[in-house]
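K.L.:
How does the following fold in three dimensions:
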Amino acid sequence: MNFIRGVIGGQPAGAQPSGVETIQKLCDRVASSTLLEDRRDAVRALKSLSKKYRMEVGTQAMEHLIRILQTDRSDSEILGYALDTLYNIICNDEDEEQDESEDAAAPVSGKTKSVSAPEDTQRKQDDIGSQFTERFIQEPENVTLLLSLLEEFDFHVRWPGVKLLTALLKCQCTQLQGVILVSPMGVSRLMDLLADSREVIRNDGLLLLQQLTKGNAAIQKIVAFENAFERLLDIMAEEGSSDGGIVVEDCLLLLLTLLKNNSSNQNFFKEGSYIQRMKPWFEVGDDNSGWSAQKVTNLHLMLQLVRVLVSPVNSPGATASCQKTMFQCGLLQQLCTILMATGVPADILTETINTVSEVIRGSQVNQDYFASVNAPSNPPRPAIVVLLMSMVNERQPFVLRCAVLYCFQCFLYKNQKGQSEIVATLLPSTIDANSISAGQLLCGGLFSADSLSNWCAAVALGHALQDNLTQKEQLLRVQLATSLGKPPVSLLQQCTNILSQGDKLSRRGSRVQARVGLLMLLCTWMSNCPIAVTHFLHNQDNVPFLTAQISENLGEDERLVQGLCALLLGICIYYNDNSLENYTREKLKQLVEKRIGKENFVEKLGFITKHELYSRAAQKPQPTFSTPEHMLFDHEFTRLVKELEGIITKAVHKSSEEEKKEEEVKKSLEQHDSIVTQYKELIREQDVQLNELKDQVALLTAHQEQMQTTITQQLSQIQQHKDQYNILKLKLGKDGVVSGQAEEAHENGLQLEEFTLLRDELEELRRQHAQLQTQVTEKDTLITSLKTEGLRPVEGSGIASGPTELLKEVEALREQVQNQEVEIANLHSDRQELQRRADTVVSSAVSVGEAGSVSQVAELESRLSAQTAETHRLQEELRGLSEVKAALEKELASATSTVAILQAEKSRLQQDVSESKKEQDDLLMLLADQDQKILTLKHKLKDLGEMVEDEDDLDARDPSEEDEEEEEDDDE
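P.N.:
Predicted coordinates:
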């Protein structure tokens, strides 16, 4: 203890030990002391020495400090000292190192000046931190131990732990990310830091997550699904959004790291309705003066966050979905408000223009809305016009002019409606002399004395013609008045005139830049437009100018102009419809061969793609240039060059005979293709018919199943009637027993007059029974006739070859009907037996009439009346059964006729299917022959040295390109 007191604050007594010796003794004390207080004092002393003796403390004390973290978890103070010491020896940023212990004494050595760290370079400091970091993370258990310490709520443990883990990530990010990724609940523990109520820990937790998520998509996804977006947006709202401080900036930087180039997190962000929560960030007031630097930074990062969600490098589906959501929630409208507001800082305005550009790029709804936005001026002007005025104004900042150009390009990207509106402002019928239009601004910039304005206007006008043959032809109608008293000239002619007089005109800026812009416009205009090529060749001075430019030996700066002239001449050759006799395709090729030379022409054409700025412009759509002089290529134009270079080279090298053969082969292939197309259409029609027939068969099958269900229900009803009949039969048997008892009563004798009345009643009963018998006979006759009529169509329809199951069911139903007839006949016999018994009763009553008594006659009369009532009831039931039977017979006849119809329809469908199969077999044979012929022709073409596209490539070709090739062949 005396030694430690001497180290910490005691007075020196004699010779003082050196710093290395002191560190060694402190490490021994940490390792050997049994008292917690002694270990705590030793660790505190190591902490005070760790900044000046970084290498020594790290080399000797790291193992002891890690052991302290493992064994002394119960004492938060010693844990804090140990974590601070580890942080001091690993952290490389000396500006962040602060002495947090106020009671730490000066070094033991008697030197008045502290030992400074080596002043070689910051790189050496970084190497020291990296070495200690590698040593710390060699054992993954150390990282797991550090993550577990972050769960401690004590401030003196949690905050040093956060700083230490951040320093480790700065030194060895990739290795530490792998350890944390496989650690159980590792990322979840770090996410809990954002919920800490102490702002210092929460803010340092943001810095920790920034380092943790760099370049690791797996950790980014885990952090996002740990509800990071919700927590970060809540923190930003608490801190004041765009008006907040550095914490808002840290939140935005973490959001950018989570979303950039991570489609999963972007989709999660959109699906979680977090885009809607971004709208309040961009609410600006009327007075936008005096923005703080932090607010500018925050808003700049917010705009970058929007651009990350709609970046052109994202998948088209995800970008379109985010663009739709931004329009629906009003975010695009809010951005346009900032765009038209006054007092907005220039860099924020530039970034807002770039953001709006990507929000509307390729989205028709957003592009239409942007076209309707007006600037708050008097009179109101469209936002597009106001932006174009800034683009062609040479006094505006260069980055702002680039942003406006990008916005105009995005507005016209895949927007034929917008292209037609821009071109329409140049046509004579739509020009308004009292207002400034976009077309007038573009023409003004195209022919101004500022070379950058020339280039921007040329590129912008080229985007109005991109992939739009109609507007290319419409732009040929534009006439320009050059000076008073002279006739107007076409826009195409004026461009070529300025191009040929480029060296004679005085310009501000690079002359090469202006000429390159005009050449790019002409190439875009004339590509895939034979009419524009004809107009260009109609001027007798254009072709000699191009050949002279290509054949001359100019300086390095002019080589790009030569390459573009070669490209323009190649377009005139390839898209030539041979309508001008002096400049047919063959004559232009001969001119190239004589004046320039084929090899020289191809070499000059290759100057374009070999230029260093070409590859830079081809990387992404946004024009990003360090200086105006580097502004030479447009992204869409690089795609056009890539498409045309090989085609033009091949077209120049081909001879006339090869072209004729190729045309013949193309015509033959087109004929074969047309035949194949016709057969394909025929096969499609037959497939449609076959599908319709299949649908009809399915419908008939469903109807058959429905009929089968109906027959099953009828069988069930027949069974119910059979049961009712059996019950009736039993009741009749009981009545017969009653009649036997009545015979015994009649033997006692009845009066003659009473039996006379009884005989009359029985006669009436007989008459009624006869009527009932007649009705039953008529019903039997009707059933027999129905059966006969039902069997005839069945026998004549060839049902034996039809559906066997349905026929069996019909036969079973017929047998059941016959059984019912037999049962009805048995009922008739039972009634006759009942009548016979009644006659016997009457005869017996007459023979013993004198022996009966009046009371017995009365009893007999009552029984007879009951029997009569029961007989009437049975007659009614029998009548009902007869009606049900008739209805069943009718339904049976209907089912039988339906079966016959279904069988006939099935036979007809089978015949149609067999005929369709036969026709398809014939078509397949014909297609095989055609494919063999096409293959033979392709082999011939390959033998001639021609590149032949496969059938898949032919099918994948753009229909517009096929139509244009057909138009060229027709013109020829």
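
K.L.:
would you list every one of the helices in the stretch 401-550 of the chain?
P.N.:
416-424, 438-446, 451-465, 469-475, 491-500, 511-526, 530-538, 542-551 (DSSP state H, counting those that start in this stretch).

K.L.:
same question for the longest one, mean pLDDT?
P.N.:
Meaning helix 511-526. Taken as a whole, helix 511-526 has a mean pLDDT of 92.

K.L.:
go on, the fifth one?
P.N.:
The average pLDDT within helix 491-500 is 90.

K.L.:
now do the last one
P.N.:
Helix 542-551 shows an average pLDDT of 91 in the prediction.

K.L.:
and the angle from the helix or strand that that helix is followed by to helix 542-551?
P.N.:
Downstream of helix 542-551, the next assigned helix or strand under DSSP states H and E is helix 559-574. Angle of helix 559-574 versus helix 542-551, following axes from the mean of the first three to the mean of the last three C-alpha atoms, to 10 degrees, is 140 degrees.

K.L.:
what's helix 559-574 in contact with?
P.N.:
The contact list for helix 559-574, computed with C-beta atoms under 8 Å, 6 or more residues apart in numbering, reads 512, 515-516, 519-520, 522-523, 526-527, 533, 536-537, 543, 546-547, 549-550, 552, 554, 583, 585, 588-589, 592, 601, 604-608, 611, 632, 641, 644-645, 647-649, 651-652. From N, CA and C alone the C-beta is placed, and that goes for glycine too.

K.L.:
Filter those residues down to the buried ones, ChimeraX style.
P.N.:
To isolate the buried ones among the contacts of helix 559-574 in ChimeraX, judged by 16 or more other C-beta atoms under 10 Å, type:
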select :512,515,516,519,520,522,523,526,527,533,536,537,543,546,547,549,550,583,585,588,589,592,601,604,605,607,608,611,632,641,644,645,648,649,651,652
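
K.L.:
how many neighbours does residue 385 have?
P.N.:
Applying other C-beta atoms under 10 Å, we find 18 residues neighbouring residue 385.

K.L.:
cool, and residue 342?
P.N.:
Applying other C-beta under 10 Å, I find that residue 342 has 9 neighbouring residues.

K.L.:
Give me the local confidence score for the closest residue to residue 76 other than its chain neighbours.
P.N.:
In space, residue 76 comes closest to residue 154 once its chain neighbours are excluded; the distance is 4.2 Å by C-beta to C-beta, 6 or more residues apart in numbering. Per-residue confidence at residue 154 stands at 89 (pLDDT).

K.L.:
same check, this time on residue 199
P.N.:
91.

K.L.:
how close does the nearest residue to it once chain neighbours are set aside sit to residue 239?
P.N.:
Closest residue in space to residue 199, ignoring its immediate chain neighbours: residue 247 at 7.8 Å, by C-beta to C-beta, 6+ apart. The gap separating residue 247 from residue 239 is 5 Å, by C-beta to C-beta, to the nearest Å.

K.L.:
residues touching the residue nearest to residue 199, list them.
P.N.:
199, 203, 206, 235, 239.

K.L.:
what helix or strand is the third one on?
P.N.:
Following DSSP H and E, one finds residue 206 within helix 199-212.

K.L.:
Report the distance from that helix to the chain centre.
P.N.:
34 Å (C-alpha atoms, centre = their mean, to the nearest Å).

K.L.:
Give me the helices and strands touching that helix, please.
P.N.:
helix 155-171, helix 173-182, helix 186-191, helix 217-225, helix 246-259 (3 or more C-beta pairs under 8 Å, 6 or more residues apart in numbering; DSSP states H and E).

K.L.:
Of all the residues in the shortest one, which ones are buried?
P.N.:
The one in question is helix 186-191. Buried, per 16+ other C-beta under 10 Å, within helix 186-191: 186-187, 189-191.

K.L.:
Ok, the longest one next?
P.N.:
The neighbour-count check on helix 155-171 (16+ other C-beta under 10 Å) flags 156-171 as buried.

K.L.:
How is the residue most central in space within the chain assigned, secondary-structure-wise?
P.N.:
The centroid of the chain falls nearest to residue 317 when counting by C-alpha atoms, centre = their mean (4.2 Å). Residue 317 carries the three-state label helix when classified by DSSP: H, G, I helix; E, B strand; the rest coil.

K.L.:
Check what pLDDT it gets.
P.N.:
Predicted confidence (pLDDT) for residue 317: 92.

K.L.:
Residue 359 versus that one, what's the distance?
P.N.:
For residue 317, the distance to residue 359 - C-beta to C-beta - is 16 Å.

K.L.:
wait, what's in contact with the nearest residue to residue 461 once chain neighbours are set aside?
P.N.:
Nearest non-adjacent residue to residue 461, counting by C-beta to C-beta, 6+ apart: residue 442, 5.1 Å away. With contact set as C-beta under 8 Å, 6+ apart, residue 442 has these partners: 388, 392, 422, 426, 457, 460-461.

K.L.:
swap the cut-off to 10 Å and go again
P.N.:
For residue 442, the contact set (C-beta atoms under 10 Å, 6 or more residues apart in numbering) comprises 388, 391-392, 408, 422-423, 425-426, 453, 456-458, 460-461, 464.

K.L.:
quick check, nearest of these to residue 624?
P.N.:
residue 456 (14.3 Å; C-beta to C-beta).

K.L.:
and the closest one, what is it in contact with?
P.N.:
Here residue 456 is in contact with 388, 391-392, 401-402, 404-405, 408, 442, 445-446, 450, 513, 517, 623, 628, 631, 634 (C-beta under 10 Å, 6+ apart).
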